[in-house]
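1. prediction below, plus the sequence it came from.
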Amino acid sequence: MIGQETNQKFIVPIGPQHPALKEPGHFEFAVDGEIVTGASVRLGYVHRGIEKGAEDRNWTQNIYLLERICGICSHVHNTAYVAGVEQLAKVEAPPRAQVIRTLVAELERIHSHLLWLGVAAHEGGFDTLFMYSWRDRETVMDILETISGNRVHYSANVLGGVKFDIDDKQRDMILKGIDFLEQRTHHYMKVVTTDETFLGRTRDIGTMTREQAIELGAVGPTARASGVTIDIRDSAPYAAYKTFPINVITDENGDLLARFVVRLKELYDCYRLVREMLDHMPEGELTTRVPRKIPAGEAVSRVEAPRGELFYFLKSNGSEKPERVKVRTPSLCNWATVINFAVGHKLADIPMILAGIDPCFSCNDRLIKIHRPNDTQVWTWEDLRQHGIEYYR
Amino acid sequence: MDTETSLQNGESLLQPWAVSTVRPEENRSDIVIARKDLHDAAQALKNAAWGYLVTISGLDAAAPAPLEGQPVVEGNLEMLYHFATGYAVLTLRVSLPYNDAVLPTICDLFPYATLYERELIELFGVTVENTPDTSRLVLPDEWPEGVYPLRKAFTGFAAPAAEGKE
């Protein structure tokens, strides 16, 4: 993906280690003085072969494998996958299970947006905001840990339902946490929209018009910040979003500031949704019976991850393992916007533009599994130590 | 616009090229088209602003091992171009023989398709004609040429000889 000519210019390679973010990716920016004139991207540094791996595991094992595509939006991968398998098996999870799925998804969105706020602030050199937002993010991490037992991979879903219920005590804890976070989010909104120094890093930087966003195939908050009304929770509601509709948050400005504002406003909507769901939680079962054999067929499952539309295509051949699992993650769609909008900006703005799409590298990199049948998988401490010594010799 | 109307609109747009049309689910329509018509069909969807291209899924429909006495059935690759608007998902299905896995590019219509086409090139060994960029996207630099990991024929490499660095 090359934006404009990269020949006969000074090229600044950035990455793969630590290209502004704590994840690997490699960029080459052609510069003329301070100004970027061309850009290209190389991904794949954390490519783990998950799509191939999924063909080698059964339908249940894959719940856990696919959840591990991403450590930030693990639940939403899991939800897209189980929804697809439920379509194939022609079953529907009970209403209470659907609401719990949605509740965890919204809590996950809160944690993801707060995490992004911190990272983006850090890229802008505003480390105080980074530390405060990550401190506050612990509130929602504690909530997730309390209800699921895990901070990262909640494993909330099983085929046909969810694993855990929300009791009254947990309900109160969630509501209390949400109240605190809402008050903090008001503060952050004030900071990012009024702090002059920070505005200097975000206002009119990386501006993308609505037409450009559509042309480049942007998704999620990145597209919505340019006025594109695209949100799967709204346009093709899944799980409990039909009963608990969302407000699609958009902004007309399309710059980095708009991406901050959209994500923060989405947080308000998350808080509202979480409260509504807790107040109107339907009674009933948590799981429904799923046939042991998943019938042959194909299913498409689309959900709205914190970063945008997540797409799963599943093909079953009637055996106990899927024939094909295709995952299209939102970060992949948004790369084109970075590559295009880097051009014409100062090199110093690039980290912020990169962070602006909330890229998730593990999202992109997942397809290949290296399978070595004769390779022993169990290493003793002595083996490991020896390997380390040899490797770094 | 409701899902049914969207799908009907899409189907009538693609009518000139459709080899067959099936509805696997009420919100989905699968339309088989020939490879030579892919660009025209995609152009029709773009001109009518019918949704957006979600992604291209590659499938390797490898033939099962032949039963005794039965003729060997030739497997093939299948490329699925998923378009979506609202609930409606329209899939253009293009079949490619193994020995002639060549596709026309649609990057001139949907510039963002470049990443999906590069995935097909690397992982399925498809040649995409006139695609703007064919450099490596996800596989390691030292990955051998001609090894396409998402083909069913790929089941892993033999264990490397024991040596220090891998």
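-> The structure has been received and is ready for your questions.
2. list the buried ones in the longest helix belonging to chain A?
-> Secondary structure assigned by DSSP state H gives helix A:95-123 as the longest helix of chain A. Of the residues in helix A:95-123, those buried by neighbour count under the rule 16 or more other Cβ atoms under 10 Å in any protein chain shown are A:96-123. In short, each C-beta sits where N, CA and C put it, glycine included.
3. likewise stretch B:86-97?
-> Counting neighbours by 16+ other Cβ under 10 Å, stretch B:86-97 gives B:86-94, B:96 as buried.
4. show me which of those residues is closest to residue A:390.
-> Nearest to residue A:390 among these: residue B:96, at 44.1 Å, using Cβ to Cβ.
5. and residue B:84, helix, strand or coil?
-> Taking DSSP: H, G, I helix; E, B strand; the rest coil as the rule, one finds residue B:84 in the strand state.
6. residue A:125: neighbour count?
-> Around residue A:125 there are 14 other residues, counting by other Cβ atoms under 10 Å in any protein chain shown.
7. what of residue A:248?
-> Other residues near residue A:248 number 16, with proximity taken as other Cβ under 10 Å.
8. what does residue A:311 give?
-> Counted with other Cβ under 10 Å, residues neighbouring residue A:311 total 26.
9. wasn't it part of a strand?
-> Yes: note on residue A:311: a strand contains this position according to three-state DSSP.
10. list the contacts of it.
-> In this structure, residue A:311 makes contact with A:80, A:300-302, A:326-328, B:54-55, B:82, judged by Cβ atoms under 8 Å, 6 or more residues apart in numbering or on different chains.
11. for stretch A:160-177, list every residue counted as buried.
-> The neighbour-count criterion (16+ other Cβ under 10 Å) identifies A:160-162, A:166, A:173-175, A:177 as the buried residues of stretch A:160-177.
12. re earlier: and the longest helix of chain A, what's its mean pLDDT?
-> Per-residue pLDDT values over helix A:95-123 give a mean of 93.
13. then stretch B:50-70?
-> Stretch B:50-70 comes out with an average pLDDT of 82.
14. hey, C-alpha coordinates of that stretch in PDB?
-> Output of stretch B:50-70 as PDB, limited to C-alpha atoms (Å, rounded to 0.1, in the frame of the first residue of the first chain):
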ATOM      1  CA  TRP B  50     -25.000  -1.000  -3.100                       C
ATOM      2  CA  GLY B  51     -23.300  -1.200   0.400                       C
ATOM      3  CA  TYR B  52     -19.600  -1.600   0.700                       C
ATOM      4  CA  LEU B  53     -17.000  -4.400   0.300                       C
ATOM      5  CA  VAL B  54     -16.600  -6.100   3.600                       C
ATOM      6  CA  THR B  55     -13.800  -8.400   2.700                       C
ATOM      7  CA  ILE B  56     -12.700 -11.200   0.300                       C
ATOM      8  CA  SER B  57     -12.700 -14.700   1.800                       C
ATOM      9  CA  GLY B  58     -10.600 -17.300   0.200                       C
ATOM     10  CA  LEU B  59     -11.800 -20.900   0.400                       C
ATOM     11  CA  ASP B  60      -9.900 -24.000  -0.700                       C
ATOM     12  CA  ALA B  61     -12.500 -26.600  -1.700                       C
ATOM     13  CA  ALA B  62     -10.000 -29.400  -1.900                       C
ATOM     14  CA  ALA B  63     -11.400 -32.600  -3.300                       C
ATOM     15  CA  PRO B  64     -11.900 -35.400  -0.800                       C
ATOM     16  CA  ALA B  65      -9.700 -38.400  -1.300                       C
ATOM     17  CA  PRO B  66     -11.400 -40.500  -4.100                       C
ATOM     18  CA  LEU B  67     -13.200 -43.700  -3.100                       C
ATOM     19  CA  GLU B  68     -11.900 -46.900  -4.600                       C
ATOM     20  CA  GLY B  69     -12.900 -47.200  -8.200                       C
ATOM     21  CA  GLN B  70     -14.100 -43.600  -8.400                       C
END
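15. which pair of the buried residues of stretch B:86-97 spans the longest distance?
-> Within the buried residues of stretch B:86-97, B:86 and B:96 form the most distant pair, 30.0 Å apart (Cβ to Cβ).
16. which strand residues bridge residue B:85?
-> residue B:88 (DSSP bridges).
17. so it touches residue B:53, yeah?
-> No: using Cβ atoms under 8 Å, residue B:85 is not in contact with residue B:53; the gap is 11.0 Å.
18. could you list the low-pLDDT ranges of the chain?
-> Defaulting to chain A. Residues of chain A that meet the criterion pLDDT under 70 lie in A:1-8, A:18-22, A:360-379.
19. should've been chain B
-> Checking chain B against pLDDT under 70 turns up B:1, B:64-69, B:71-72, B:159-166.
20. hey, where'd the helices end up in it?
-> With DSSP H as the criterion, chain B has helices at B:3-14, B:38-47, B:113-124.
21. ok, and the closest non-adjacent residue to residue B:33?
-> Distances taken as Cβ to Cβ, 6 or more residues apart in numbering or on different chains put residue B:17 closest to residue B:33, at 4.8 Å, once the chain neighbours are dropped.
22. so who does that neighbour touch?
-> Residue B:17 sits next to B:33-34, B:37, B:40-41 when contact means Cβ under 8 Å, 6+ apart.
23. name the element residue A:301 belongs to?
-> According to DSSP states H and E, residue A:301 maps onto strand A:297-305.
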